[in-house]
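[1] Coordinates only, no sequence provided:
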């Protein structure tokens, strides 16, 4: 039955500290027997065809910028003092996921790195990622960058590793 207003109590949990080691979470499990999706009004077993030849991967959490129109600014305020906002998975952790993806999904022809700005990573991380990605994965990929994190050196490494699209958002509040 319904709960009266007098009986209703809202409980607000405190904001927890951020886990700064994203590798703690492991890599996604795409077991066909235990994963389901909603398609055309039915809940059906997940199949490789649902990926449409593209694999999405997120390698960082957070955004280094404070754009006032973006939720990232609000999250930074919310988690102030609760840990490092910008958190990254290790290159080895990322490659483990991509190796698993490549073994499991034979129809994947493109990888989309969905980080707010993949170029936030330092030069050495990008250098290591690009070298190993080209050797072990070798599938064209796309990533987002921002003007403040883009460097010619980083871009050259990604082009050599197989990036085929780099998307950059340039936003402003002025007319």
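    Everything's here; your move. Every value quoted in this text rests on a predicted model; they were computed, and no experiment measured them.
[2] Residue 45 reaches residue 36, doesn't it?
    Yes - the pair residue 45 and residue 36 passes the contact test of CB atoms under 8 Å, sitting 5.9 Å apart. Where you see a C-beta, it was placed from the backbone N, CA and C, and this is true even at glycine.
[3] Which residues are in contact with each of the two?
    The contact sets of residue 45 and residue 36 do not overlap (CB atoms under 8 Å, 6 or more residues apart in numbering).
[4] Name the nearest residue to the residue nearest the centre of the chain, ignoring sequence neighbours.
    By CA atoms, centre = their mean, the chain has its centre lying nearest to residue 58, at 1.7 Å. Nearest-residue entry for residue 58: residue 114, 5.1 Å, with adjacent residues in sequence omitted and distances by CB to CB, 6 or more residues apart in numbering.
[5] repeat for residue 87
    With sequence-adjacent residues excluded and distances taken as CB to CB, 6+ apart, residue 87 is closest to residue 61, at 4.7 Å.
[6] how far away is the residue nearest to residue 58 from residue 124?
    Distance, residue 114 to residue 124, by CB to CB, to the nearest Å: 22 Å.
[7] what do you get for residue 68?
    Counting by CB to CB, the gap from residue 68 to residue 124 is 32 Å.
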